[in-house]
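> return atomic coordinates for the entry below.
(chains A and B)
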Protein chains: 2
Amino acid sequence: MNILVVGTVAYDAVETPEGHRAKQLGGSASYFATAASYFTETGIVSVVGRDFEKPDRDLLTSRGIDLSGVQVADGDTFRWSGQYKDDLNNAVTLQTQLNVLQSFSPKLGPKHTSAPYLFLANIDPRLQHAVLNSMSARPALVACDTMNLWINTARDGLLSLLPRVDAMLINEGEAKQLTAERQLPKAAATLLDTGLKTLIVKRGEYGAALFNRDFGFAMPAYPLTRVVDPTGAGDSFAGGFMGYMAAVGNTSEEATRRAVVAGSVMASFTVEAFGLDRLAFLTANEINLRFRAFENLMRFHPLGGGQGLPLMVG
Amino acid sequence: MNILVVGTVAYDAVETPEGHRAKQLGGSASYFATAASYFTETGIVSVVGRDFEKPDRDLLTSRGIDLSGVQVADGDTFRWSGQYKDDLNNAVTLQTQLNVLQSFSPKLGPKHTSAPYLFLANIDPRLQHAVLNSMSARPALVACDTMNLWINTARDGLLSLLPRVDAMLINEGEAKQLTAERQLPKAAATLLDTGLKTLIVKRGEYGAALFNRDFGFAMPAYPLTRVVDPTGAGDSFAGGFMGYMAAVGNTSEEATRRAVVAGSVMASFTVEAFGLDRLAFLTANEINLRFRAFENLMRFHPLGGGQGLPLMVG
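Residues are numbered from 1 along each chain as shown, chains lettered A, B, ... in the order given. Have a look, this model is predicted:
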């Protein structure tokens, strides 16, 4: 197992301007692992209930995802229901039923604790710390996500996690909320000052940005004329990012820049259909074409060495 | 005169989280022409009142801007007062005093009507049509801007302008309002269907995007940790865009992509200070460095020919 993700497996009820689904496989770990599975061996540590259905398990295993760390507990699988109205960047949560997640305690076996790439998806910071503590060696790369709930209720635990990870991947609203800063670059500077090495910000239809002490990277989103279901886009981004990093096996600036593009590629597929309907059924050709589409979207001729723009001033 | 802009010269009262100014030189034509003046000979057609002060006129002429088309009318100069709160992307207009603008009728002399580059800034679409009609020959490049007022009150005149121009530069909210579409790429497709050749969308802190039938281009904004005054950013963008296009003298895809970056460069300077305090005092070195900063912000290694990402799928 090259990448381990600790997060949720859920049943979602989703309503968007394009339609609705009463029950679809979701959760941070499902989206993350599906995206990462195109790049490298990925395993999930999570919990589901007795109601978890075989076709959903089969969908994940069909992508080669290792589910040996997914406990089956008495009770129902975590359920989330949400709605997207005019602003597809922000879901309105209608209901959350924690169910088996309420007493979730991650159980890691040897193949989990030895994973060189670790993604601590959006769960209680205490569990994120516990998982990191249980690793047999410091992974080559640890990244985490979080959400407004933990920013509000577990702020200290979250802040003490930041110096322990290599990167935090959160959305723009969370970055601003966590720092009480209005401008993203200011929020990023504040977070880097707390000891965070790299901040990667998911901006939905506005793309993604990376901030660290050595360089910055920013990119637009893929211009889709039809967004069907934004659910899971952020976790798919994280899966593409970590998947690419794990597949190339180095943490250079060049790899990191490309990994942000890979994350954007995977997120762009997720939102084209409900749930995992598109993300779980991609070909290498589709992924490579979308990566090249980003190259084409963002390219412009750089100034040559010593050359400047055609200016009339000295 | 290589570029002519027809638009407003104004006195603005501005309040932002960084401070306030009771009266500063503003208006679409002032910002546009100042930005464009770094690239090529630029002239303004507009109107001011008897209260227009010499230091403000001197500031524009110090940038080499031709003010022979700026009428001085009885009455006061157009005044706008606005406020930026948490959302620096959107100004709240507190007051608008049209003053001499109320009876503005653009007067163009031979050097104006022969300008090969024409920017129809945010004014009544009837005036935009009239200016375009008065040109002695179809300019090499005509672009226009607009605002919510004209979308609401002069929609037909605006829509009939679109097939007559080469590009429309508007902000994201205006593009969505004009088309009643929620997603920008959908709004862009709708506008291109009306006969518009190129849509360039200014997204404030989220950058800029270009849509036409042949290619798309999108880029993030420069990550400024301190935005002092967003006023004029959009017009500075347009000035940088048109300035670059006029300076290189061709309308190729490559020139157009670079022009969008040049627009973003000029807009990024404008917001660093109140009014024209930064935009009017730049060196070539500063402009070139900022352009290179965008190169560095957006660059990543493309896939080589025939090569793909390190994927595990066929």
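> low-confidence ranges in chain A?
Chain A contains residues with pLDDT under 70 at A:314.
> what's the longest helix in it?
Residue-count comparison of every helix in chain A, with assignments taken from DSSP state H, identifies helix A:253-270 as the longest.
> which residues are in contact with A:Arg182?
For A:Arg182, the residues meeting the contact criterion (CB atoms under 8 Å, 6 or more residues apart in numbering or on different chains) are A:176, B:17, B:86, B:88. To be clear about C-beta, it is placed using only N, CA and C from the backbone, and glycine gets the same treatment.
> return the member of those residues nearest to A:Ala246.
Each of the contacts of A:Arg182 was checked against A:Ala246 using CB to CB; the closest is A:Lys176, at 29.6 Å.
> quick one: that closest one from chain B, how far?
Between A:Lys176 and chain B the distance is 9 Å, computed by CB to the nearest CB, to the nearest Å.
> contacting residues around that residue?
Neighbouring residues of A:Lys176 by CB under 8 Å, 6+ apart: A:182, A:184, A:187.
> which residues touch the second one?
By CB under 8 Å, 6+ apart, A:Leu184 lies in contact with A:172, A:175-176, A:201, A:209, B:205, B:223.
> 7 Å instead?
Shown here is A:Leu184, whose contacts under the criterion CB atoms under 7 Å, 6 or more residues apart in numbering or on different chains are A:172, A:175-176, A:201, A:209.
> next, count neighbours for the residue lying closest to A:Gly195 once chain neighbours are set aside.
With sequence-adjacent residues excluded and distances taken as CB to CB, 6 or more residues apart in numbering or on different chains, A:Gly195 is closest to A:Pro163, at 3.4 Å. Using other CB atoms under 10 Å in any protein chain shown, the number of residues around A:Pro163 comes to 10.
> repeat for A:Asn288
Using other CB under 10 Å as the criterion, the residues surrounding A:Asn288 number 16.
> for the nearest residue to A:Gln97 once chain neighbours are set aside, list each beta-bridge partner.
Closest residue to A:Gln97 in three dimensions, ignoring its sequence neighbours and counting by CB to CB, 6+ apart: A:Arg79, at 4.2 Å. The partner list for A:Arg79 in beta bridges (DSSP bridges) reads A:Tyr11, A:Gln97.
> tell me the residues of the stretch 151-300 of chain A that contact chain B?
Taking CB under 7 Å from any CB of the partner chain as the criterion, the neighbours of chain B within the stretch 151-300 of chain A are A:182-183, A:185-186, A:189, A:206-207, A:209, A:216-220, A:223-225, A:227, A:244, A:247-248, A:254, A:257-258, A:261-262, A:283-284, A:287-288, A:291-292, A:295, A:297-298, A:300.
> do a quick rundown of the strands in the stretch 101-250 of chain A.
In chain order, the stretch 101-250 of chain A shows strands spanning A:117-120, A:141-144, A:167-171, A:198-202, A:208-212, A:216-219, with DSSP state E, counting those that start in this stretch as the criterion.
> which members of the residues of the stretch 151-300 of chain A next to chain B are classed as buried?
For these, a burial check counting by 16 or more other CB atoms under 10 Å in any protein chain shown picks out A:183, A:185-186, A:189, A:206-207, A:209, A:216-220, A:223-224, A:227, A:244, A:247-248, A:257-258, A:261-262, A:287-288, A:291, A:297-298, A:300.
> farthest-apart pair in the contacts of A:Leu184, please.
A:Lys176 and A:Ala209 (12.7 Å).
> before we move on, the earlier item: mind listing what the residue nearest to A:Gln97 touches?
Here A:Arg79 is in contact with A:10-11, A:97, A:99 (CB under 7 Å, 6+ apart).
> can you lay out those as CSV showing neighbour count and distance to A:Arg57?
Converted to CSV, those look like this (neighbours: other CB atoms under 10 Å in any protein chain shown; distance: CB to CB, whole Å):
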residue, neighbour count, distance to A:Arg57
A:Ala10, 25, 14
A:Tyr11, 25, 13
A:Gln97, 16, 20
A:Asn99, 20, 17
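> tell me which of the strands of the stretch 101-250 of chain A sits nearest to A:Ser103.
A:Ser103 lies closest, by CB to CB, to one member of the strands of the stretch 101-250 of chain A: strand A:117-120, at 18.9 Å.
> alpha carbons only: can I get the closest one in CSV?
The C-alpha trace of strand A:117-120 is given here as CSV (Å, rounded to 0.1, in the frame of the first residue of the first chain):
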residue,chain,number,x,y,z
TYR,A,117,2.0,8.5,1.8
LEU,A,118,-0.7,9.4,4.3
PHE,A,119,-3.7,11.5,3.9
LEU,A,120,-5.6,12.5,7.0
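> and the longest helix of chain A, what other elements does it pack with?
Packing partners of helix A:253-270 (3 or more CB pairs under 7 Å, 6 or more residues apart in numbering or on different chains; DSSP states H and E): strand A:208-212, strand A:216-219, helix A:233-248, helix A:284-298.
> helices or strands up against the last one?
In terms of contacts (3+ CB pairs under 7 Å, 6+ apart), helix A:284-298 is packed against helix A:253-270, strand B:216-219.
> now with 6 Å?
helix A:253-270 (3 or more CB pairs under 6 Å, 6 or more residues apart in numbering or on different chains; DSSP states H and E).
> contacts for the helix it packs on, please.
When contacts are defined by CB atoms under 6 Å, 6 or more residues apart in numbering or on different chains, helix A:253-270 is touched by residues A:35, A:208, A:210, A:215, A:217, A:222, A:232-233, A:236-237, A:239-241, A:244-245, A:248, A:278-279, A:290-291, A:294, B:300-301.
> just the buried ones from the residues you listed, in ChimeraX syntax?
Selecting only the buried entries of those in ChimeraX, with 16+ other CB under 10 Å as the criterion:
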select /A:35,208,210,217,222,232,233,236,237,239,240,241,244,245,248,278,279,290,291,294 /B:300
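> circling back to that earlier point, pick the one among the contacts of A:Leu184 closest to A:Lys111.
Ranked by distance to A:Lys111 (CB to CB), the contacts of A:Leu184 are led by A:Val201 at 31.9 Å.
> so the closest one versus B:Gly249, what's the distance?
As for A:Val201, its distance to B:Gly249 is 39 Å (criterion: CB to CB, to the nearest Å).
> do A:Leu67 as well
From A:Leu67 across to B:Gly249, the span is 61 Å (CB to CB).
> who wins on neighbours among the contacts of A:Arg182?
Highest count within these by other CB under 10 Å belongs to B:Leu88, 20 neighbours.
> may I see the buried residues of stretch A:64-81?
Within stretch A:64-81, the residues that count as buried by 16+ other CB under 10 Å are A:65-67, A:69-70, A:73, A:75-81.
> same question for stretch A:52-59.
Residues of stretch A:52-59 classed as buried: A:52, A:56-57, A:59 (neighbour count, 16+ other CB under 10 Å).
> can you put those residues in JSON lines and add secondary structure?
Below are those laid out as JSON lines (DSSP: H, G, I helix; E, B strand; the rest coil):
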{"residue": "A:Phe52", "secondary structure": "coil"}
{"residue": "A:Asp56", "secondary structure": "helix"}
{"residue": "A:Arg57", "secondary structure": "helix"}
{"residue": "A:Leu59", "secondary structure": "helix"}
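> ok, so of these, who is nearest chain B?
Proximity of the buried residues of stretch A:52-59 to chain B, judged by CB to the nearest CB, is greatest for A:Leu59, which lies at 15.2 Å.
> give the burial count for the closest residue in space to the closest one that isn't next to it in sequence, as a bare number.
Leaving aside its chain neighbours, A:Leu59 sits nearest to A:Ala280 (5.8 Å; criterion: CB to CB, 6+ apart). Burial measure for A:Ala280: 22 neighbouring residues, criterion other CB under 10 Å.
> please look at A:Ala280 and A:Ser37 and confirm they touch.
No: using CB atoms under 6 Å, A:Ala280 makes no contact with A:Ser37, being 8.7 Å away.
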